[in-house]
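**Q** Show me how the following folds:
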Amino acid sequence: MFGRIDLRTRKILAAYGLLVPVLLLLLLIILLPEVWAIVLSFTNYRLGRPLSFIGFENYRFMFSDDRFWRSLVITLIFVVASVGVQMILGLLISLLLAAQFRFQRLWIALILSPIAVTPSVVGTMWRYLLDFNIGPINYLVQQLGFERQLWLASETITLWVVVMIYAWQSIPYVFLFLYPARITFPRMLYEAARIDGASSLQCFQFITMPLLKPVFLVAMVFRTIFAFRTFGIVWNLTNGGPVGTTEILSIYLFREGFR
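**A** Numbers count the residues shown, from 1 in each chain. Modelled structure (predicted):
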């Protein structure tokens, strides 16, 4: 009895021992910088100058700044809209490709290709494509008989354009979560459902989505976190403009903290 307990204890200790390096790494690169950032928030920190404690003055300034609240609202709209588009289109593409098509690997490679493009390149590329004067998209719009649009300089549509561009680059990450999970589902479940007279919609509702739900939720949490942290794509596309309509929190904090 004691031998079994000792063996079990050794296994538990060995497992925790393997986790220690990872936990220490997370402590050094995540927790300590976050704690230090919280400490700095109560000071009037300036690079190269001594610290002095000012209490909640920074928070008072931030919460009384109309730009902060506007940036917060814009960020919430950006996150909800972009994550919603990512999850819906990522799910649809995953289900579509799970049906197996000709040139399957080619389609998968094309879907994953935006991952290889950095935010700075994405911003530069789409700024050219959407340029009012020389952009191919405006040229096609004009050829279809419509007026050219200020895609990245309009107070009404620019935020939604940025949402779609960000979602375009982020859909492959959702696909990487959902597609591998979907193709592992046993075919016999769907064959049995078909024999019982289930439609495609019912198969999705009662088989696919319940099995895919845990992975779907994990993907949504990750994409939400990354959407809140977005900076590069929005900055390269609009610099937070026009008139602050795309100034999300990361851009607001960058301007306040570094400019």
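**Q** for the record, mean pLDDT for stretch 72-90?
**A** Mean per-residue pLDDT for stretch 72-90: 95.
**Q** Check stretch 232-239 too.
**A** Stretch 232-239 comes out at a mean pLDDT of 91.
**Q** Same check on stretch 186-199?
**A** 86.
**Q** same deal with stretch 148-160?
**A** pLDDT averaged over stretch 148-160 gives 91.
**Q** how would you label R105: helix, strand or coil?
**A** helix (DSSP: H, G, I helix; E, B strand; the rest coil).
**Q** Same check on G48?
**A** coil.
**Q** and L140, which of the three is it?
**A** Strictly by three-state DSSP, L140 counts as helix.
**Q** Could you tell me how far it is located from R127?
**A** 17 Å (CB to CB, to the nearest Å). In short, each C-beta sits where N, CA and C put it, glycine included.
**Q** ok, those two, which is more surrounded?
**A** R127 (16 against 10; other CB atoms under 10 Å).
**Q** wait, what's in contact with that one?
**A** 152, 236-237 (CB atoms under 8 Å, 6 or more residues apart in numbering).
**Q** Can you point out the helix or strand that includes it?
**A** In this structure, R127 sits in helix 119-129 according to DSSP states H and E.
**Q** Centre of the chain to that helix, how far?
**A** Chain-centre distance of helix 119-129: 18 Å, with CA atoms, centre = their mean, to the nearest Å.
**Q** buried set for that helix?
**A** 119, 122-123, 126-127 (16 or more other CB atoms under 10 Å).
**Q** and what of stretch 151-159?
**A** 151-152, 158-159.
**Q** so how far does it reach from one end to the other?
**A** With CA to CA, to the nearest Å as the measure, stretch 151-159 spans 9 Å from end to end.
**Q** Contacts for that stretch next, please.
**A** So stretch 151-159 is in contact with 74, 77-78, 127, 130, 132, 135, 137-138, 149-150, 161-162, 237-238, 241-243, 245-246, going by CB under 8 Å, 6+ apart.
**Q** So which of those belong to helices?
**A** 74, 77-78, 127, 137-138, 161-162, 237-238 (DSSP state H).
**Q** okay if I get those as TSV plus distance to L212?
**A** Converted to TSV, these look like this (distance: CB to CB, whole Å):
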residue	distance to L212
I74	31
I77	27
F78	26
R127	36
I137	34
N138	39
V161	30
V162	29
L237	32
T238	35
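**Q** which one of the contacts of R127 is nearest M209?
**A** L237 (33.9 Å; CB to CB).
**Q** Please verify my assumption that that closest one contacts M125.
**A** No - in this structure, L237 is not within contact of M125 by CB atoms under 8 Å, at 10.1 Å.
**Q** What remains of the contacts of stretch 151-159 if I keep only buried residues?
**A** Here, 16+ other CB under 10 Å leaves 74, 78, 127, 130, 135, 138, 149-150, 161-162, 237-238, 245-246 buried among the contacts of stretch 151-159.
**Q** Report how many residues lie close to G244.
**A** 15.
**Q** I'd guessed it sits against R70; true?
**A** Yes - the criterion here is CB under 8 Å, and G244 meets it with R70 at 6.6 Å.
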